[in-house]
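[1] Predicted model, plus sequence, below.
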Amino acid sequence: MSDTQPENLPATASGSDAQTPGPEVIDQREGMFGVRGTGDTSGFGGLRRQVALPGGTPKPYGSWFDGAAERLEGLVGGDAIEKVVVERDELTLHVAREHLVAVCQNLRDDEALRFEFCSGVSGVHYPQETGRELHAVYHLFSITHNRRIRLEVSCPDSDRHIPSVVSVYPANDWHERETWDFFGIIFDGHPALTRIQMPDDWPGHPQRKDYPLGGIDVEYKGAVIPPPDTRRSYN
Amino acid sequence: MTTTDPYAAPASTRDTTEGKVFTVTGQDWDSVVAGLGDEPEERIVVNMGPQHPSTHGVLRLILELDGETVTEARCGIGYLHTGIEKNMEFRSWVQGVTFVTRMDYLSPFYNETAYCLAVEKLLGIEDQIPEKANVMRVLLMELNRISSHLVCIATGGMEIGALTVMTIGFREREMTLDLFELITGLRMNHAFIRPGGVAQDLPPGALDKIREYITWMNKHLPEYAELCNANPIFKARLQDVGYLDLAGCMALGISGPTVRSTGYALDLRKTQPYCGYETYDFDVPTWDSSDSYGRFRVRLQEMWESLKIISQCADRLEKMDGDPVMVADKKIGWPSQLAVGSDGMGNSLDHIKHIMGESMEALIHHFKLVTEGFRVPAGQAYVAIESPRGEMGCHVVSDGGTKPYRVHFRDPSFANLQAMPIMCEGSQVADVIVAVASLDPVMGGVDR
């Protein structure tokens, strides 16, 4: 927790200095205890805070990031990379989904980039980000240059298609199946996109935010404790 | 009342569009053979597992056999899926440690460290972690590498019939777990490494026990080499089995002892050090045969290297008596120290006396930090560490709240298991067991 930002105060929408652009507001957090529609007399019910993720970073990015980003842009064209985010010494490239396979191919094969090791894909669901609700996050590792890079691809919930990169990184076979299983992202071109963790006939995709955690009340000495997702908790 | 015994029913056949399908569920072999009819089909699909003593946990192998030869092999996983990643989204950041430690249950400290390093990266407190906490993390991780490799070698030995390897393997593992119990209070599922440091200082007498352990291991580790290294039966079962070269490893994202058995010293402790690994003196053992025997030799040698690191940790800890083990920032560090009381481990009595009888502010602080927890700045981080099985990655996303927005583990067992078909197809059924054992998948980590 940073000392510059007092605890429990609304985050400011604009960045503090001109160098870093403002964070991207994706949601509004209301109240303090996750309570809705009851007589919350604490006063915290009226609290409004913005949920904001780090926004795009302008050039120069620093370190080896500039060279790699420029090299990649030269190879795949400028419109493939929608946004570059540098946060906590990690480089994230937001890639347009139609260019994903070409980007991966070049990242793997180009001598200056050479990201030969794919650590898999992780899904993230942002239900409030209309038009780009589902994100697939790829982590690539260049053993040659000892660097890591993150690719982030988004797709709308109404059109949940992202091209598969199994043709470039066979390692992603199971990882893409897992992300399909948990988030419902369809990886076009995957050799056998079937469920991997959940049973074949399972309805829904469990790690989406609109999928309830589930659970039953626990009764102990007369008191009833609701399951964690319906329990009163800080938000 | 009559009951039907499904196993007493005769083996049945039925015609499908794919041809004649013959279902066998453990009947008398004569009736099985008789049921095949006049024109027996050579192609057999066998489900091995998920409950099978030699598949390393609840792993289901689907093997297509032509006689004794495996023509196609696939894995069925998910039998141990417990939704840990989903559950963590409903608990505080500190509670998350309790979940991740249960994933890969043979290397709990690696799960905890990967998660904590990722959370610390989001918090921006990587430089504030006390030196003693880092040394203790390294100590526990290296002890854990030994115990994990011992289980791999022990169960791998048991699966090929080398029962002595199993009994001595579990004997040494027990010594390691005793140390875990002494330091963390638990043999498994410790939740000891926390965001900001570790839960507890070393108990009195721990360093002596660690030195005793090093002496014990120095005496007993050579037994594995004497039993196995040149044993003709052991070598016959392992050599050239489960072959996977470096190109295959890179394509399939394989890391850990499997890639090191191809002769390439890929080790994140050396290339991307964390927790101060760059300050320790150790080597990365490799082998050049790319087979199961090579992986065994790599693991054996890695235990010696871990022992070297443990000894260096003990030397450092000796000079750090009384140093802090949790970050100084009171807004993050867990407020209470633990102590062993008459009913087991719990909050120390001094702390309870302080918050209940002396300081209202301390009580409020304790209550806020324990119930609400701390907020983590929005963003995402990926941290990878070298677990006994390879690259253990943790991708953490925060939306600025008191709970993780998303936590994803790139578990090396999950990634490595993808190599099972390429290692097994074309070999014999008995070699499948050896190949899977040489990958050392832990299903708790695969399924999460």
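    That came in fine, so what should we check first?
[2] list the contacts for B:T286?
    For B:T286, the contacting residues are B:260-265, B:298, by CB atoms under 8 Å, 6 or more residues apart in numbering or on different chains. Where you see a C-beta, it was placed from the backbone N, CA and C, and this is true even at glycine.
[3] Just give the closest residue to the single nearest residue of chain A relative to chain B, not the sequence neighbours.
    In chain A, the residue that lies nearest chain B is A:A171 (2.8 Å; CB to the nearest CB). Closest residue to A:A171 in three dimensions, ignoring its sequence neighbours and counting by CB to CB, 6 or more residues apart in numbering or on different chains: B:G253, at 2.8 Å.
[4] thought that neighbour was touching A:Y169?
    Yes - contact criterion CB atoms under 8 Å: B:G253 and A:Y169 qualify, at 7.1 Å.
[5] Residues that sit against both of those two, list them.
    Common neighbours of B:G253 and A:Y169 (CB under 8 Å, 6+ apart) are A:C118.
[6] For chain A, see how far away B:M188 is.
    Applying CB to the nearest CB, to the nearest Å, the value for B:M188 to chain A is 23 Å.
[7] Counting neighbours, what do you get for that residue?
    When neighbours are defined as other CB atoms under 10 Å in any protein chain shown, B:M188 has 14 of them.
[8] In contact with it, which residues?
    B:M188 neighbours (CB under 8 Å, 6+ apart): B:105, B:108, B:177, B:180.
[9] returning to what we had before: identify the residues contacting the residue nearest to A:A171.
    Each residue near B:G253 by CB under 8 Å, 6+ apart is listed here: A:117-120, A:169-172, B:415, B:418.
[10] so can I have a markdown table of those residues showing neighbour count and secondary structure?
    Converted to a markdown table, the contacts of B:G253 look like this (neighbours: other CB atoms under 10 Å in any protein chain shown; DSSP: H, G, I helix; E, B strand; the rest coil):
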| residue | neighbour count | secondary structure |
| --- | --- | --- |
| A:F117 | 24 | strand |
| A:C118 | 28 | strand |
| A:S119 | 25 | strand |
| A:G120 | 27 | strand |
| A:Y169 | 28 | coil |
| A:P170 | 18 | coil |
| A:A171 | 24 | coil |
| A:N172 | 27 | helix |
| B:A415 | 28 | helix |
| B:Q418 | 20 | helix |
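[11] Can you show me the strands along chain A?
    A:24-30, A:48-53, A:81-87, A:90-95, A:117-125, A:134-142, A:147-155, A:161-163, A:186-188, A:218-220, A:223-225 (DSSP state E).
[12] Each with direction, which strands does the last one pair with?
    Right, strand A:223-225. The partner list of strand A:223-225 in its sheet, established with DSSP bridges, is strand A:218-220 (antiparallel).
[13] swap in the fifth one?
    Strands adjacent to strand A:117-125 in the sheet, as given by DSSP bridges, are strand A:134-142 (antiparallel).
[14] Just checking: what are the partner strands of the helix-or-strand element of chain A with minimal mean pLDDT?
    Least confident helix or strand, chain A: strand A:24-30 with a mean of 76, by mean pLDDT, DSSP states H and E. Using DSSP bridges, strand A:24-30 pairs in its sheet with strand A:48-53 (antiparallel).
[15] got the buried residues for the strand it pairs with?
    A:49-53 (16 or more other CB atoms under 10 Å in any protein chain shown).
[16] So for stretch B:177-184, mean pLDDT?
    Summarised as a single mean, pLDDT over stretch B:177-184 is 90.
[17] Check stretch B:325-334 too.
    Stretch B:325-334 carries an average pLDDT of 86.
[18] Now the two most distant members of the buried residues of strand A:48-53.
    Of all pairs drawn from these, the one with the longest distance (CB to CB) is A:R49 and A:L53, at 13.8 Å.
[19] Next, show the common contact partners of these two.
    With CB under 8 Å, 6+ apart as the test, A:R49 and A:L53 reach no residue in common.
[20] so what's the backbone phi/psi at whatever residue of the stretch 201-350 of chain B ends up closest to chain A?
    Closest to chain A within the stretch 201-350 of chain B is B:G253: 2.8 Å, counting by CB to the nearest CB. Main-chain dihedrals, B:G253, degrees, to the nearest 10: phi 70, psi 40.
[21] what pLDDT does it get?
    Note for B:G253: predicted pLDDT of 90.
[22] In this structure B:P50 contacts B:R60, no?
    Yes - using CB under 8 Å, B:P50 is in contact with B:R60, at 4.2 Å.
[23] Would you map out the domains in chain A?
    Using automatic domain parsing, the domain ranges for chain A come out as A:1-55, A:56-235.
[24] Secondary structure class of B:H365, three-state.
    helix (DSSP: H, G, I helix; E, B strand; the rest coil).
[25] what's the closest non-adjacent residue to the residue most central in space within chain A?
    Nearest to the mean C-alpha position of chain A, by CA atoms, centre = their mean, lies A:V124 at 4.1 Å. Closest residue to A:V124 apart from its sequence neighbours, by CB to CB, 6+ apart: A:H135 at 4.4 Å.
[26] Identify the bridge partners of that neighbour.
    A:H135 forms beta bridges with A:V124, A:S154, as assigned by DSSP bridges.
[27] State the distance from it to B:M356.
    With the distance defined as CB to CB, to the nearest Å, A:H135 ends up 46 Å from B:M356.
[28] now B:L363
    To B:M356, B:L363 is 7 Å away according to CB to CB.
[29] do B:A384 as well
    Separation of B:A384 from B:M356 (CB to CB) stands at 43 Å.
[30] Of the two, give the one with the bigger neighbour count.
    The neighbour count for B:A384 versus B:M356, taken as other CB under 10 Å, is higher for B:A384 (24 against 12).
[31] And the pLDDT for the residue nearest to A:N106 when sequence neighbours are not counted?
    The shortest distance from A:N106 to any non-neighbouring residue, by CB to CB, 6+ apart, is to A:L75 (4.4 Å). pLDDT for A:L75: 85.
[32] wait, A:L75 sits on A:E111?
    No - distance between A:L75 and A:E111: 11.2 Å, which falls outside the contact criterion (CB under 8 Å).
[33] if we can go back for a sec, okay, the contacts of B:T286 in a markdown table with distance to B:T167, neighbour count and pLDDT next?
    As requested, the contacts of B:T286 are exported to a markdown table (distance: CB to CB, whole Å; neighbours: other CB atoms under 10 Å in any protein chain shown; pLDDT from 0 to 100):
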| residue | distance to B:T167 | neighbour count | pLDDT |
| --- | --- | --- | --- |
| B:R260 | 27 | 25 | 93 |
| B:S261 | 25 | 30 | 93 |
| B:T262 | 31 | 25 | 93 |
| B:G263 | 32 | 14 | 90 |
| B:Y264 | 34 | 17 | 91 |
| B:A265 | 32 | 12 | 90 |
| B:V298 | 23 | 22 | 94 |
